[in-house]
Structure formats: C-alpha cells, structure tokens
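Enquirer: structural data only, the sequence is not supplied:
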C-alpha cells in the first residue's frame, strides 16, 4: 500500500483578499461556508485553513489523477468531527 502526504501553508490575508461570491462558490461547499461565516471575526482564518487542507489533498493525490481536472475544489470537503477537529471528506 502506498501512503502519500500533502502539505500546504497559506497566508490568511491572501484568502481574505480573494473572498468574493464567485470564489466562495467555486472553492467551498455550503456547509464549509456556513461554518466559516459562523466564526465571525475569525472567519478568514477558517477559510484559509480549509483552503490549505484542500490544497494538501490535491498535492497528496495529484500523481494518481489522469488529469488535474479530474478533481474539483468542491469534491473535497473539510468537516469537523465531534471533538471539533477538522477532517477531510473526498467525494470522488
């Protein structure tokens, strides 16, 4: 069995400047948007964390994809478990 790992670091200000209605709809699922928006003053940190998690998944599985277009941002969802720890869910 092959195990791969992806990592990503993102600047919160970069995400804050990128937040538009179009960007949100292309990158985040409704539940992710709802979660981040509920964090009020800290919402950009949560958007950035979810973006970095999604990017890390793409890096980890990119060598398994025939085309970079086989997976979209919304095919990956970052969710919190009962202990509020973020986890990833892949829809493909």
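Expert: Cool, the structure landed. Not measured: the values here are computed from a predicted model. Numbers count the residues shown, from 1 in each chain.
Enquirer: quick check: next helix or strand after the helix or strand where residue 26 lies?
Expert: Following DSSP states H and E, one finds residue 26 within helix 21-27. Counting by DSSP H and E, the next helix or strand C-terminal to helix 21-27 is helix 30-37.
Enquirer: quick check: mean pLDDT of that following helix?
Expert: If you average the pLDDT over helix 30-37, you get 95.
Enquirer: that one: how far from the chain's middle?
Expert: Centre-to-centre, helix 30-37 and its host chain are 11 Å apart (CA atoms, centre = their mean, to the nearest Å).
Enquirer: buried ones in stretch 40-58?
Expert: Neighbour-count burial for stretch 40-58 flags 43-44, 46-58 (criterion: 16 or more other CB atoms under 10 Å). Where C-beta positions appear, they are placed from N, C-alpha and C, glycine not excepted.
Enquirer: can you tell me which of these are in strands?
Expert: Using DSSP state E, no member of the buried residues of stretch 40-58 sits in strands.
Enquirer: walk me through which strands whatever helix or strand residue 77 lives in pairs with, and which way each runs.
Expert: Residue 77 belongs to strand 76-80 when assigned by DSSP H and E. Strand pairing for strand 76-80, determined by DSSP bridges: strand 86-90 (antiparallel).
Enquirer: what mean pLDDT does the strand it pairs with have?
Expert: Rounded mean pLDDT across strand 86-90 is 64.
Enquirer: try stretch 50-70
Expert: Here stretch 50-70 scores 87 as its mean pLDDT.
Enquirer: ends of that stretch, what's the gap?
Expert: 20 Å (CA to CA, to the nearest Å).
Enquirer: next up, the contacts around residue 54.
Expert: For residue 54, the contact set (CB atoms under 8 Å, 6 or more residues apart in numbering) comprises 27, 73, 76, 78, 88.
Enquirer: rerun at 6 Å
Expert: Residues near residue 54 by CB atoms under 6 Å, 6 or more residues apart in numbering: 73, 76.
Enquirer: again with residue 28
Expert: If a contact means CB under 6 Å, 6+ apart, then residue 28 has no contacts.
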